[in-house]
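**Student:** test case, fold it:
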Amino acid sequence: QALPAFPPLGEITVGALRRVLDRWSGKKTPGSDGWRPAELKDWSDGLLRELVCFYARVEEGGRWPQGVDVSLVAMLTKGGTADPADRRPIVLLSAVYRLWAVLRSGEVRRWLESCGVLAAKGAAAAADAQAYDLAFALDEARRLGKVIAGLAVDWSKCYDRLPLVLLAFLAKTAGVPDAIAGPMLSAYGQARRVAVDGMVGELRFPTCGLAPGCPGATDWLALLMWPWLCEVRRTGEDTEARAYVDDLTGWNAGEECVGAVGAMVECTEAFSGDTCLKVNDAKSRRFATTPQARCDLRESGGPPVTDC
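**Tutor:** So this is what the prediction gives:
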């Protein structure tokens, strides 16, 4: 589904940089460029003017020069175990990149909001509102004895599996300006060192993966998930669908809700093949409000069926 054209890019100014720096915490971790956000906050207007010119050159060339072209990946513990899979990678991009990305990702976000891809109330408010709306609909259906059936999809290691070539294709197809897509994807593809428990690995160039820690990472996911939402909403007249980052949910309240869920499963399988994403079988579920609908769902393929 075509999106409206991206509006003209705003000008990066000293004042805009200063407003972002004023909001930054001085405790933010530095990237491999060595600059701490607290130090950037002390830069004079003259230095920030030089940075404005630097950003203009980067946007024109679509890449970051030596000195800000390496990232560190910090492997943070999640569940407290020694299992390598029980770690959450955070990419420590350079502070100079992050400052630029805050400004440009803000423009991407406003564009996505104007297109309807993102809710205009902000990510947290949108997540709460979406969860409440679905919970209310399910409770109302149970109270009235009506049937709702749906599919909840969780992607396994979503950030890590996305091919960078797919993101480049997505940017071009959707109409994201080269001045934004070029530097961002250049940063995602630049050499990285993994740092864990005091040890640092050798430099490697990734071919897949968003950069957790980039201000624009969740906006790329919103744009990526938009085709899934559009296709799922076409599975039935009474079908609704929502996305929060990489968590997707579709449901149908019509007489053909079980068949609609089957179409959602097929859509998800095709989407998985197109994007190289893998469904997290342990967390994804099909659901329905009545025993008969749950029984009907179990007769077809897809994630496990649960009550709701």
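
**Student:** quick one: the helices in the stretch 101-250 of the chain?
**Tutor:** Ranges of helices within the stretch 101-250 of the chain are 123-144, 158-161, 164-174, 178-188, 217-233, based on DSSP state H, counting those that start in this stretch.

**Student:** could I get these as JSON lines with mean pLDDT, mean neighbour count and distance to residue 258?
**Tutor:** The way it works is simple: take the backbone N, C-alpha and C, and place the C-beta from them, glycine included. Output for the helices of the stretch 101-250 of the chain, formatted as JSON lines (pLDDT from 0 to 100; neighbours: other CB atoms under 10 Å; distance: least, CB to CB, whole Å):
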{"stretch": "helix 123-144", "mean pLDDT": "77", "mean neighbour count": "13", "distance to residue 258": "14"}
{"stretch": "helix 158-161", "mean pLDDT": "90", "mean neighbour count": "17", "distance to residue 258": "28"}
{"stretch": "helix 164-174", "mean pLDDT": "95", "mean neighbour count": "16", "distance to residue 258": "32"}
{"stretch": "helix 178-188", "mean pLDDT": "96", "mean neighbour count": "21", "distance to residue 258": "40"}
{"stretch": "helix 217-233", "mean pLDDT": "94", "mean neighbour count": "21", "distance to residue 258": "15"}
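
**Student:** closest one to residue 55 among those helices?
**Tutor:** For the helices of the stretch 101-250 of the chain, the distance to residue 55 is smallest for helix 178-188, at 8.5 Å, taking CB to CB.

**Student:** what helices and strands are in contact with that closest one?
**Tutor:** helix 45-61, helix 95-115, helix 164-174 (3 or more CB pairs under 8 Å, 6 or more residues apart in numbering; DSSP states H and E).

**Student:** and residue 242, what does it touch?
**Tutor:** Residues near residue 242 by CB atoms under 8 Å, 6 or more residues apart in numbering: 130, 134, 229, 248-250.

**Student:** which one among the residues you listed gets closest to residue 197?
**Tutor:** When those are ranked by distance to residue 197 (CB to CB), residue 248 comes first, at 34.3 Å.

**Student:** what bridges to that closest one?
**Tutor:** Following DSSP bridges, residue 248 is listed with bridge partners residue 153, residue 243.

**Student:** look up how far residue 231 lies from it.
**Tutor:** Going from residue 248 to residue 231 by CB to CB, to the nearest Å gives 11 Å.

**Student:** over to residue 17?
**Tutor:** Distance, residue 17 to residue 231, using CB to CB: 40 Å.

**Student:** now residue 208, nearest residue through space, not along the chain?
**Tutor:** residue 163 (5.1 Å; CB to CB, 6 or more residues apart in numbering).
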